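Visitor: Quick one, what's the 3D model for this:
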Amino acid sequence: MTHTGIRAFTILFALLAAACGTIATPIWQAPEATPTRAEPLSAPTFPPTQVVVRPTEVPPSSTPLPPTATLPAALPTETTVPATPTTGAAAEDPITVLVSLSNPEHGKELFNTFYDEAGFMCATCHRVDSEERLIGPGQLNVGTRAGTPGHQSQPGVPEAPERYIYNSITDPNLFVVQDYPANLMPQVYKTLFSEQDIYDIIAYLLTLK
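Guide: Just a heads-up that it's a prediction; the model follows:
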């Protein structure tokens, strides 16, 4: 080896020796833990449940229901008494209804009142306690005879008693009882009395039994 080579090797060795004296011994440290984020757990998924409703079952409801009131074993029922049906001509004649709603006491007062226009009061010519003739026919039981054969506004045509008496007051010559003359009864009562007055008189005459 030449002198130059030896010198170069010596310098290199010295550099390596110097470097070895400065190398620090490494100390092991545990690596720092890297924080990890836990993934949220997903709720388990279940297949939809099919609710089968049987005839005797009630489907569930999310709306709370009020408590069911307890009903009594038997509820009282209102008893309605049916009206007695009216048959025949009386059931079809509105005068029958109007007379049934009228005032017989007022009719009695009118029957016993004197009127200058007529020259009489009804009680002057008609008995109320007998069927016997006075000047005109007696009115006792007139409701039974009126509307029957021999006491009909149109012979052979049945009519309600109220209709027959109404016609006898408002149009006396429409039917004249056998053995009585026409125009015996005053013809002014249709204008002298109001309709309600006439219904009241008829209601009174029907009480004569």
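Visitor: how close does residue 183 get to residue 177?
Guide: Counting by C-beta to C-beta, to the nearest Å, the gap from residue 183 to residue 177 is 13 Å. Any C-beta I mention is one placed from the backbone N, CA and C, and that applies to glycine too.
Visitor: Residue 109 now?
Guide: From residue 109 across to residue 177, the span is 26 Å (C-beta to C-beta).
Visitor: how long is stretch 150-169 from one end to the other?
Guide: End-to-end distance for stretch 150-169: 17 Å, by C-alpha to C-alpha, to the nearest Å.
Visitor: Buried residues in it, which are they?
Guide: Neighbour counts over stretch 150-169 (16 or more other C-beta atoms under 10 Å) mark 151-153, 159-169 as buried.
Visitor: In helices, which of the residues you listed fall?
Guide: Using DSSP state H, the members of these that fall in helices are 161, 162, 163, 164, 165, 166, 167, 168, 169.
Visitor: Between the residues you listed, which sits nearest residue 195?
Guide: residue 166 (9.4 Å; C-beta to C-beta).
Visitor: Could you give the number of residues near the closest residue to the closest one other than its chain neighbours?
Guide: In space, and not counting its chain neighbours, residue 166 is closest to residue 95: 5.5 Å by C-beta to C-beta, 6 or more residues apart in numbering. Neighbours of residue 95 under the rule other C-beta atoms under 10 Å: 21.
Visitor: Give me the contact list for the one helix or strand residue 95 maps to.
Guide: Secondary structure assignment for residue 95, by DSSP states H and E: helix 94-100. Helix 94-100 is contacted from outside by 86, 90, 160, 162, 163, 166, 199, 202, 203, 206, using C-beta atoms under 8 Å, 6 or more residues apart in numbering.
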